[in-house]
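Participant: please find the sequence and the predicted model below.
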Amino acid sequence: MTMDIRIGTRGSKLALTQSEWIKEQLERRYSGIRVDLVKIKTTGDKILDVPLSKVGGKGLFVKEIEEALLENRVDVAVHSMKDVPAQLPDDLMLSTFPPREDPSDALISGEQQRLDQLPKGARVGTSSLRRGAQLLHLRPDLTLVSLRGNVDTRLNKLQSGDLQAIILAAAGLNRLGLSNLITQTIPFHQLLPAVGQGALGLEVRRKDQKTIDLLDFLNHEDTRTAVAAERAFLKTLEGGCQVPIAGFAQVNGDTLSFEGLVAELDGSKIFKENETGNRDQAEEMGIRVAKKLLASGGGDVLKRLYEG
């Protein structure tokens with residue numbers, strides 16, 4: 001078969017590594033296919049001196065790529081699912097979810113110290129409100145330092161000696177071949193991941209059945225199911241970068257376990273709810289856990305943050 005397909009991607013090393021992997025899978029599967037990577041700069045890539053929570057808006061790393069899809073400049077977008085807002089444009093859809101990477105958060109420390117070994121008052125780099133709130137809940141003595149930029153930029157900040165540790169997604173480090181740098185993979189009961197963390201999602205035009213069919217072999221059903229639960233949770237809470245929300249689903253056979261979290265920014269209070277049930281009820285479970293959190297105190301936290 002002879003066919004051209006254009007993949008829209010951010011230009012960071014991690015985004016290109018992820019898109020190159022999709023390209024390789026397509027070329028391996030279909031002889032004669034030509035796959036081009038189209039680099040697109042997003043708002044989130046342009047604004048690097050302000051924490052995402054202060055930039056405002058949703059979809060800071062996807063909006064421009066979605067515009068390229070809608071304008072038929074690309075055929076598929078490769079996203080890190082933790083960057084994708086709960087609401088998509090009407091004419092677009094997430095068609096394909098390859099197998100999920102490790103969804104954990106990873107700590108990298110200059111002195112090879114685990115989280116509980118960091119000295120009192122240690123400076124830890126992260127600009128994620130979710131990570132920050134949970135870290136402060138565990139270690140209120142830590143000093144959190146806003147950290148933006150790509151993986152190399154963040155690692156350089158650590159190496160310069162200004163920080164004692166940084167927190168990054170384990171998935172990104174693994175995909176870049178940097179897992180040897182990880183001092184500690186932080187367990188879920190201490191640091192619950194972001195919705196979609198570790199998962200890739202392929203976004204296409206809803207009516208482009210040809211591309212949807214072409215990508216179908218990459219689908220991993222357990223990942224699709226887990227991400228569906230997490231995104232239903234996110235949508236119910238109307239969450240984004242501006243609030244400390246975590247949601248994580250695990251699929252085991254026919255069973256799905258879901259845990260959701262809402263936290264005060266300073267980590268003084270953390271609200272958690274969980275549920276286990278049949279995987280066929282994935283989205284309903286995500287919605288139920290969100291509603292439980294809204295009723296149990298998380299709703300008051302979110303209301304205050306959204307209004308503030």
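Facilitator: Now that the structure is in, tell me what you want to look at.
Participant: poorly predicted segments of the stretch 101-250 of the chain, please.
Facilitator: Residues of the stretch 101-250 of the chain meeting the criterion pLDDT under 70: 239-241.
Participant: which residues in it form strands?
Facilitator: With strands called from DSSP state E, counting those that start in this stretch, the stretch 101-250 of the chain shows them at 105-109, 123-125, 143-145, 165-169, 184-186, 200-205, 245-252.
Participant: next, name the residue at the spatial heart of this structure.
Facilitator: Ranked by distance to the mean C-alpha position of the chain (CA atoms, centre = their mean), the top residue is residue 82 at 2.1 Å.
Participant: which ones are touching it?
Facilitator: 169, 193, 194, 195, 196, 197, 198, 199 (CB atoms under 8 Å, 6 or more residues apart in numbering). C-beta: built from backbone N, CA, C; applies to glycine.
Participant: let's see it at 7 Å
Facilitator: Contact partners of residue 82, counting by CB atoms under 7 Å, 6 or more residues apart in numbering, are 194, 195, 196, 197.
Participant: close enough to count as contact, the second one and residue 249?
Facilitator: Yep, that's residue 195 we're talking about. No: in this structure, residue 195 is not within contact of residue 249 by CB atoms under 7 Å, at 9.2 Å.
Participant: what sits in contact with each of the two?
Facilitator: Residues touching both residue 195 and residue 249 (CB under 7 Å, 6+ apart): residue 230.
Participant: can you list the domains in this protein?
Facilitator: If you go by automatic domain parsing, the domain ranges for the chain are 1-98+198-219, 105-186, 221-299.
Participant: most tightly packed of these?
Facilitator: Ranked by mean neighbour count under mean count of other CB atoms under 10 Å, the domains of the chain are led by domain 221-299, which reaches a mean of 20.
Participant: quick one: that domain to chain centroid distance?
Facilitator: Relative to the centre of its chain, domain 221-299 is centred 14 Å away, using CA atoms, centre = their mean, to the nearest Å.
Participant: equivalent analysis for stretch 130-148, please.
Facilitator: From the chain centre to the centre of stretch 130-148 is a distance of 18 Å (CA atoms, centre = their mean).
Participant: stretch 297-308 too?
Facilitator: Stretch 297-308 sits 22 Å away from the centroid of its parent chain (CA atoms, centre = their mean).
Participant: send the alpha carbons of it over as CSV?
Facilitator: Provided in CSV are the C-alpha atoms of stretch 297-308 (Å, rounded to 0.1, in the frame of the first residue of the first chain):
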residue,chain,number,x,y,z
GLY,A,297,-14.7,18.2,51.3
GLY,A,298,-12.9,18.2,48.0
GLY,A,299,-15.7,20.3,46.5
ASP,A,300,-15.1,23.1,48.9
VAL,A,301,-11.4,23.1,48.1
LEU,A,302,-12.0,23.2,44.4
LYS,A,303,-14.6,26.0,44.7
ARG,A,304,-12.2,28.1,46.6
LEU,A,305,-9.4,27.6,44.2
TYR,A,306,-11.5,28.2,41.1
GLU,A,307,-12.9,31.4,42.6
GLY,A,308,-9.5,32.5,43.9
